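Visitor: Here you go, sequence then predicted model.
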Amino acid sequence: MMYPGSNSPLRWLFAWLLPFVGLISIAGIGLAQFPGSTSASLRLPVLQLQVLEGQGEPLPDAFRLSALSAQGRAVLVWGQPVVTSGFSHFEVKLSSWEQGLSISLIWADPDMPGGTKVLALPTPNESGVTRLALAKAGWTQRQHRIGLLVNGSPGATRVQIDAAVLSSATRKQRARDLLATWTAFAPWDQTSINLQRGYRGPGPGPVPIAAWWLAANLSLLLLWRLVAGWPPRAALLLALLMPWLVLDLQWQSKLNWQLDRTNETFAGKSQEARHLADVDGVLYAYAQRLKREVLVDPTARVQILQKGFGHDYTRLRLQFHLLPYNIYNIGRWPVTDALRRGDIVIRLSGHDGVAFEQGSGRLRWPGSDVLIVEPLLRHPIADVYRVKSKG
Amino acid sequence: MEPADPSLSGLAVALALPLILGAAFMYNLVGERRRPISLLLGFGYPLGVFFTSLSLRTWASLGATPAFWPLCSILVAVSIALFVLGRRRKAPVSFPASDVSTSFPIAVTRAEQLLLSVIVVLLAWRGFGLVSELVWRPLFAWDAWMNWSPRAIIWFELQEYVSVVNPQAWLEQGDSENLYTLGNKDASDYPKLVPGLIWWTMLGAGTSDSNLLYLPWALIWCSSGLALFGYLRALGIAFVWALISAYLLLSMPYLNVHAALAGYADIWVMAFYGLAILALSAYFAGAGSAWLVLALLMIVGCADTKRPGLVLAAMVFLLWLGAWLPIAVGYKVGVMLVTVVVILIGLAVGIDTELPGLGVVVLSFQEVSLPYLGSSTIEYRPGYLPMLDSMFNMSNWHLLWYLFIAVIVMECLRRRLASFLRFELVGTLALLIFLLAVYSLTDHYDNAISHVTLSRTLLYAVIPALAWIPVCLAGLNTGKEHD
């Protein structure tokens, strides 16, 4: 059944065109906000690089880094401060590079002594080019002393720096950078349940931009209403829905990417294998070993001792994997009043406040309490003791 | 010790029975007319989960061995009885009057058909993705394995409804073997609807370690959309608006994540609070006292799900009270202002008293402490900033809150007072104002800044918000109320 008054082809055409007109309007206004319609660049002379740490020397048309320091670093700087105003990107071209190295831009602001800032460059692409948007991480538009930091294994290396360029991006490049922050994928982690930011990096996220699109559509609808009466319902639906649909398709693509990762990691496996493939697979395997080989008495109560306070992942996750054992796991020291012969004490690694004395079989910690225990398992994740008596 | 494979037949029964029970209850409750299947299933599922979890816990607390099939038999019998009684009911209970038929054929144009087809495909795609993620990945989300599933695992593995107490009580009560505690010191005192639900699916599946146990989180995602769709259809809203509203709800990234990374209680609170508001709205629009009963059951479910659910239940009760008071609007505003003044005087004077059986209540401009809910210092901080960030900058809600603001502006311009008196709007704004106060004046500001709890609490407002928007938009281009 057709909706009343909906049979004018021209009105339908306008209804379908409206959101696209809104999008084009908002894109035009948005791009006009980007400064710098033309590209400018400043080539930094690589032959003038000075070596502050590591070893290297200039070649006829490039700079060669031959060794990293004992700390696994090389620091190369340009002697003269550079006026960086107006530049939005930094690019390095390398003709020789080694896996395992990382390269960063470093800079010091003469007006703000006391801190050198470091900004990691992405891994060079197949052509040896790595490029960074400088809007990130507090890059200020002023005069800087700048240089390069290379990290890796100490000793000999083979890195050849052909060129370093500061450039200002065109509107197109800026738009592309913005789009990249919106479409960047990141796997779900423990914060994903708390928020979905929707973009990575500086600049506005996709939601406010889509909201501007929505506002443009609604303005066009209002104009329609004033000029030619009520638009058809489809015009209202499309005006409202198109920005939402575009956002949703972007979200769907991220969901698909996540699903591919989850599929690769877990699909087609047994429950046991899924646990082992998970981020805490080592902890799960450890807990299963405890259940199978160490915690033979199911009525024994367990105390897990942790280094610090608060919601520590290892202690909480270990308790979860050890369920249904009766576990108390809050606090740094054993609660001796709640322990009896045969109970279990698990000391997480890194907790050096509780010491086991091999000769006497005592478990000691600050204060006067002592437990006589039998060590059941020494392990990089946690040591396990069975209580024999209270000292 | 490899985890046992789940019994798929038992799991299917465990998943389906709450839905059947809740739908039967809805069938019996809402009467002869205007009961689209989506309404029965959408409202029925959370209700059925509440009944099932409560039945299991009651059964076990009476000392009976928690046995799945005997309890199933009882719930099936109750469901059948509810269906039969529902069929025999003669008295029609009408939904709010509307001049738009909810019957087929559905009034949509070809262009709208195309749009709706895209939406249906997107929803199917989304549902498939969420279920796949849920089924493949072992329990992942932090609070799920720290707070909600451990009690279910203990009860299932021990085959006994043992007490899980806070760590201090665990230490004080000596070496009882049937006394357990959790790693989060507060979690032992959390309400038990969600652990009861997980325990129920464990009993059906015959294992405590399977990703399939958390399929109810996908079902509540789906049923929330059905409930919204069914409610709007029953209200007389056109098919196209109802479907789009359901799509807007089900497509929101934050809700999707809570379905896929299953195990948190917040999606259930969202359903209980949202549907309580819709039921209350239907009641005051003349749908009959059954909807008041429904609202009451929803707020009890809300309080049984999470501690903040108790506050939300109180909020719904106050909204009901405000609407029910048989006095003019001006007097109601007066009563409200007097209440606020009394509260302010109470805060200025300072209250520090012990309520018998409940605990200490402290209320002052410096500190607030309430039994069961915790305590906090009172200090103003800009809690609105992280709220605005979550609502208008992040991708959590797509464009929901922009649309919400736009419709408020539109209704102001149209001078439609009736829209502003609707419970869907009042329920949304009341919650947002409450959250603004909590995050601006209490220590929960830290949780807002870190976004640990902020978006979870905003989630509770999305169903009423998305029910109000189409009610306002639907009649926009025809002058009809709900077209």
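Guide: Yes, it's here.
Visitor: Around chain A, which positions in the stretch 1-150 of chain B sit nearby?
Guide: B:1-3, B:5, B:105-112, B:115, B:118, B:122, B:125-126, B:129-130, B:132-133, B:136-138, B:140-143, B:145-146, B:149-150 (Cβ under 8 Å from any Cβ of the partner chain). Yep, even glycine has a C-beta here, placed from its N, CA and C like the rest.
Visitor: Which members of those residues occur in helices, if any?
Guide: Residues from the residues of the stretch 1-150 of chain B next to chain A lying in helices, with DSSP state H as the criterion: B:110-112, B:115, B:118, B:122, B:125-126, B:129-130, B:132-133, B:136, B:142-143, B:149-150.
Visitor: Return the members of the residues you listed classed as buried.
Guide: The neighbour count (16 or more other Cβ atoms under 10 Å in any protein chain shown) marks B:111-112, B:115, B:122, B:126, B:129-130, B:132-133, B:136, B:142-143, B:149-150 as buried among these.
Visitor: Stretch A:185-198 and chain B, any residue contact?
Guide: Yes. Stretch A:185-198 is in contact with chain B by Cβ under 8 Å from any Cβ, via A:188, A:190-198.
Visitor: Give me the buried subset of the residues you listed.
Guide: The neighbour count (16+ other Cβ under 10 Å) marks A:188, A:192-198 as buried among those.
Visitor: re earlier: grab the two from the residues of stretch A:185-198 next to chain B that are most spread out in space.
Guide: A:190 and A:198 (17.8 Å; Cβ to Cβ).
Visitor: Beta-bridge partners for residue A:385, please?
Guide: On the basis of DSSP bridges, residue A:385 is bridged to residue A:345, residue A:375.
Visitor: thinking it is in contact with residue A:376, fair?
Guide: Yes. Using Cβ atoms under 8 Å, residue A:385 makes contact with residue A:376 at a distance of 6.3 Å.
Visitor: more crowded one of these two?
Guide: When residue A:385 and residue A:376 are compared for neighbours, residue A:385 comes out ahead with 25 against 18, by other Cβ atoms under 10 Å in any protein chain shown.
Visitor: From residue B:470, how far off is that one?
Guide: From residue A:385 across to residue B:470, the span is 63 Å (Cβ to Cβ, to the nearest Å).
Visitor: which residues does the residue of chain B found nearest chain A contact?
Guide: At 2.6 Å from chain A, residue B:395 is the closest residue in chain B, using Cβ to the nearest Cβ. Residues in contact with residue B:395, defined by Cβ atoms under 8 Å, 6 or more residues apart in numbering or on different chains, are A:196-199, A:205-207, A:247, A:251, B:253.
Visitor: show me the contacts for the residue nearest to residue A:206 when sequence neighbours are not counted.
Guide: Nearest residue to residue A:206 in three dimensions, chain neighbours excluded: residue A:182, at 4.6 Å (Cβ to Cβ, 6 or more residues apart in numbering or on different chains). Counting by Cβ under 8 Å, 6+ apart, residue A:182 touches A:198-199, A:205-206, A:250.
Visitor: what does residue B:309 give?
Guide: So residue B:309 contacts B:191, B:269, B:272-273, B:302-303 (Cβ under 8 Å, 6+ apart).
Visitor: just to revisit the earlier point, tell me, what's touching residue A:385 and residue A:376 both at once?
Guide: Residues touching both residue A:385 and residue A:376 by Cβ under 8 Å, 6+ apart: residue A:344.
Visitor: Show me the strands in the stretch 201-350 of chain A, by range?
Guide: Under the criterion DSSP state E, counting those that start in this stretch, the stretch 201-350 of chain A contains strands at A:301-305, A:326-328, A:344-348.
Visitor: wait, is residue A:149 part of a strand?
Guide: Yes. Counting by DSSP: H, G, I helix; E, B strand; the rest coil, residue A:149 falls inside a strand.
Visitor: For it, list each beta-bridge partner.
Guide: The bridge-partner assignment for residue A:149, based on DSSP bridges, gives residue A:75, residue A:104.
Visitor: ok, it touching residue A:77?
Guide: No. Look at residue A:149 against residue A:77 with Cβ under 8 Å: they stay out of range, at 9.5 Å.
Visitor: Restricted to helices, list the contacts of residue B:309.
Guide: B:269, B:272-273, B:302-303.
Visitor: Quick one: the residues you listed as TSV, columns for pLDDT and distance to residue B:385 too.
Guide: Shown next, in TSV, are these (pLDDT from 0 to 100; distance: Cβ to Cβ, whole Å):
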residue	pLDDT	distance to residue B:385
B:269	98	24
B:272	98	29
B:273	98	25
B:302	97	28
B:303	96	30
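Visitor: neighbours around residue A:274, how many?
Guide: 22.
Visitor: From residue B:216, how far off is it?
Guide: Per Cβ to Cβ, residue A:274 is found 20 Å from residue B:216.
Visitor: which residues do residue A:149 and residue A:77 both contact?
Guide: With Cβ under 8 Å, 6+ apart as the test, residue A:149 and residue A:77 both reach residue A:106.
Visitor: can you narrow the contacts of residue B:309 to ones near chain A?
Guide: Within the contacts of residue B:309, nothing lies near chain A by Cβ under 8 Å from any Cβ.
Visitor: Turn those into CSV, including neighbour count.
Guide: CSV is the format used below for the contacts of residue B:309 (neighbours: other Cβ atoms under 10 Å in any protein chain shown):
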residue, neighbour count
B:191, 19
B:269, 26
B:272, 31
B:273, 30
B:302, 32
B:303, 21
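Visitor: residues contacting residue A:18?
Guide: Applying Cβ under 8 Å, 6+ apart, we find residue A:18 in contact with A:217, A:220-221, A:224, A:231, A:235, A:238-239.
Visitor: Filter those down to the buried ones.
Guide: Counted by 16+ other Cβ under 10 Å, the contacts of residue A:18 give A:217, A:220-221, A:224, A:231, A:235, A:238-239 as buried.
Visitor: Looking at the residues you listed, which is nearest residue B:37?
Guide: residue A:238 (29.1 Å).
Visitor: Kindly provide the distance from residue A:190 to residue A:67.
Guide: For residue A:190, the distance to residue A:67 - Cβ to Cβ - is 40 Å.
Visitor: With pLDDT as extra columns, can I get the buried ones among the ones in helices among the residues of the stretch 1-150 of chain B next to chain A in a markdown table?
Guide: Compiled in a markdown table, these are given as follows (pLDDT from 0 to 100):
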| residue | pLDDT |
| --- | --- |
| B:111 | 72 |
| B:112 | 75 |
| B:115 | 81 |
| B:122 | 94 |
| B:126 | 97 |
| B:129 | 97 |
| B:130 | 97 |
| B:132 | 97 |
| B:133 | 97 |
| B:136 | 96 |
| B:142 | 94 |
| B:143 | 95 |
| B:149 | 97 |
| B:150 | 97 |
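Visitor: lowest-confidence helix or strand of chain A?
Guide: strand A:82-83 (a mean of 76; mean pLDDT, DSSP states H and E).
Visitor: ok, now which ones touch the closest residue in space to residue A:344 that isn't next to it in sequence?
Guide: Nearest residue to residue A:344 in three dimensions, chain neighbours excluded: residue A:302, at 4.5 Å (Cβ to Cβ, 6+ apart). By Cβ under 8 Å, 6+ apart, the contact list for residue A:302 reads A:295, A:322, A:325-329, A:343-346.
Visitor: switch to 10 Å and redo it
Guide: Residues in contact with residue A:302 (Cβ atoms under 10 Å, 6 or more residues apart in numbering or on different chains) are A:290, A:295, A:318-319, A:322, A:325-329, A:339, A:343-346, A:384.
Visitor: before we move on, what about residue B:434?
Guide: Per Cβ under 10 Å, 6+ apart, neighbours of residue B:434: B:308, B:311-312, B:315, B:457, B:460-461.
Visitor: Go again with 7 Å.
Guide: residue B:315 (Cβ atoms under 7 Å, 6 or more residues apart in numbering or on different chains).
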